[in-house]
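1. 3D, please:
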Amino acid sequence: MISWHCFPAEIRLTVLEVLLQDGCNLPDFATVSQEWQTIIERHNFSRIKLTSSRVADFGPMVHRNRSLVRYIWFCLELQEYNCTECEPHDPDLIGLSNADNVLITTAFQNLFSTLSVWEPNSSLLLDISVYSPSDSEHWFKYLTFEPDVASDMCGRNQHTKQSILVKASDHHHGWIAGSQNSVPPFAAIEKVFDEIMGEGPFNNEKQEFQWWQQLPLVPAVTGVLLRQQNRRRWKPAALAHMFARMPGLQEIHYEPWREWFDNQQRWTDQSLQLLFESLTSDRLRRLVIFENFDQTYPASYINMSCDPVRTPSFYVSRAVASASLTLEHLSASFIVDASHFFGARELSWKWPNLTWLALTSRLLVPQECPTELDDMLRGAAAAAMKMPNLETMEIWNGEKGLAMLFKYQRPERERPAVITWRGTWELALRPPVIQAWDSVALKHRGQGHVIVKELLDTGACVKSHGDAIRHLKLSRPVIRPVSLRQIQMEHIIGEGVQS
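-> Modelled structure (predicted):
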């Protein structure tokens, strides 16, 4: 019999790659050889799912291989609840329980204590999820709670798999044959959007601040994910304290949901302004913010002051614009408006590192005032003049029934810049706008421009802002690929409500 070690290294590694992709019980194969053990350990420890019950033992578990860890999915599972609590009207049932809040603070204390002794490595992404297993058992059966994956892993098979998740009927919660035929009541919506540490375990904001301050620094963490599958709301002030404990933070992916009460949105915007003003570290390089929404939910808040379309705050937009001055990548969707972002620009501002900028604007809708749109696009060009390394700027909008993208691509030396509009209606670029962007192309050592027009014949197929993103083909992800797939599937499954 030929010895295993007699096979060429390329064949041995090819066999191992097949096993890695096949979902086999890998520890059994680690004993084949030292070569395989090294590769399998690197694979097994690169991505870790960490629950609150295991976090206390996490340090000893990975001590020998902690340098291999690149991604931690920190899953904080809240208490389960039954139908008497899924749409609570009793004030005592509103908000996270004290037990849930204690679970969260204890888990963070243990995690930060463990990570504080880790040496900074090339990268460590911390993906934080807070949810209850019961969230998907009542009104929101389409909810899934998954780890983050790369875009090339979010393929057709997963899309098909999720499309058949919901089949049962549950008339009490508005589900018939796997389709939702009524909007969840506002109390049910509020249940899954409870505020984290809003009702305890601290008596006041000062106590909470002191608790965050006593957490050890975790310089090994280089990136944080707060994905839209987490309906539970982090207070912006809590996030500012959390990020301050991460001195090595280089990227933030933040996907909050809009508020449903207009007054609460105004309070949250004030806190968001302070959060973005706190992001002053020169280490931070990439900031991707996506404020999610569901266009059906406001119907549950009739006579409760819930605008169907959220109006971005000028002051939040200005804070994000100021925070972007040292960044390499910035994407801010729906939480800001491009007109506010560029309108807040001070003459002294420069973006020396920025290579990609993506913003949304409510001005990108059919039959909008052309003067305001021209002013916004010219303001974007004026800002681009202060971005010497800019490669791509994208301004877009998307919701049910509409999608539009304006994109500027930096020219190769002495070649024309490329200006693209792609959308569900024709976007007229008037001469003052074109002249402004010609000046940008010249500043970027180009010669003139080429305009690419693409009219999308998909208005009827844009069922959500998720569909709009897919049709617009943005140059980089403005939301995590898993989150985008979840948004699209939620709207497909919930079509009964929208029809």
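2. so where's the stretch 51-200 of the chain shaky on pLDDT?
-> Across the stretch 51-200 of the chain, the ranges flagged by pLDDT under 70 are 150-168.
3. name the nearest residue to Thr51, sequence neighbours excluded.
-> When the adjacent residues along the chain are set aside, Thr51 lies closest to Cys75, with 5.1 Å between them (CB to CB, 6 or more residues apart in numbering). Where C-beta positions appear, they are placed from N, C-alpha and C, glycine not excepted.
4. next SSE downstream of the longest helix along the chain?
-> Selection of the longest helix in the chain by residue count, based on DSSP state H, yields helix 98-115. Sequence-wise, the next helix or strand beyond helix 98-115 is strand 125-131, with elements assigned using DSSP states H and E.
5. in its sheet, what does that next one sit against?
-> strand 71-77 (parallel), strand 223-226 (parallel) (DSSP bridges).
6. now those as a markdown table including mean neighbour count?
-> Written out in a markdown table, the entries for those read as follows (neighbours: other CB atoms under 10 Å):
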| stretch | mean neighbour count |
| --- | --- |
| strand 71-77 | 20 |
| strand 223-226 | 21 |
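7. output the ones you listed as TSV; include the columns distance to Asn303.
-> Converted to TSV, the strands paired with strand 125-131 look like this (distance: least, CB to CB, whole Å):
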stretch	distance to Asn303
strand 71-77	35
strand 223-226	32
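8. can you give me the strands in this protein?
-> Ranges of strands in the chain, per DSSP state E, are 47-51, 71-77, 125-131, 175-176, 179-180, 223-226, 251-254, 286-290, 329-333, 356-360, 392-399, 402-409, 417-423, 449-455.
9. and those, which one averages the lowest pLDDT?
-> Note on the strands of the chain: strand 179-180 shows the lowest mean pLDDT, a mean of 78.
10. list the helices and strands that strand packs on?
-> Judged by 3 or more CB pairs under 8 Å, 6 or more residues apart in numbering; DSSP states H and E, the packing partners of strand 179-180 are helix 495-498.
11. need the strands of the chain in a markdown table (columns: distance to Lys463).
-> Listed next are the strands of the chain as a markdown table, based on distance: least, CB to CB, whole Å:
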| stretch | distance to Lys463 |
| --- | --- |
| strand 47-51 | 32 |
| strand 71-77 | 29 |
| strand 125-131 | 25 |
| strand 175-176 | 19 |
| strand 179-180 | 14 |
| strand 223-226 | 25 |
| strand 251-254 | 24 |
| strand 286-290 | 18 |
| strand 329-333 | 18 |
| strand 356-360 | 18 |
| strand 392-399 | 10 |
| strand 402-409 | 11 |
| strand 417-423 | 16 |
| strand 449-455 | 19 |
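12. between those strands, which gets nearest to Thr105?
-> Nearest to Thr105 among the strands of the chain is strand 71-77 (10.3 Å), distances taken as CB to CB.
13. one step back: show me what the residue nearest to Thr51 is bridged to.
-> Thr51, Ser129.
14. so who does it touch?
-> Under the criterion of CB atoms under 8 Å, 6 or more residues apart in numbering, the contact list for Cys75 reads 49-52, 129, 131, 145.
15. so which of the residues you listed is the most crowded?
-> Ranked by neighbour count under the definition other CB atoms under 10 Å, the contacts of Cys75 are headed by Leu50 with 22 neighbours.
16. surely it and Phe58 touch.
-> Yes: Leu50 is within contact range of Phe58, at 5.9 Å (criterion: CB atoms under 8 Å).
17. overlap in contacts, those two.
-> Any residue near both Leu50 and Phe58 by CB under 8 Å, 6+ apart counts here, and that gives Leu111.
18. state the mean pLDDT of stretch 470-487.
-> The predicted model assigns stretch 470-487 a mean pLDDT of 96.
19. endpoints of it, how far apart?
-> In stretch 470-487, first residue to last residue: 11 Å (CA to CA, to the nearest Å).
20. quick check: buried residues in it?
-> 470-472, 474-475, 477-487 (16 or more other CB atoms under 10 Å).
21. what is the nearest of those to Lys350?
-> Set against Lys350, the nearest of those by CB to CB is Ser475 (22.7 Å).
22. check the gap between that closest one and Arg64 for me.
-> Taking CB to CB, to the nearest Å as the measure, Ser475 and Arg64 are separated by 41 Å.
23. swap in Pro366?
-> The value you get for Pro366 to Arg64, if CB to CB is used, is 60 Å.
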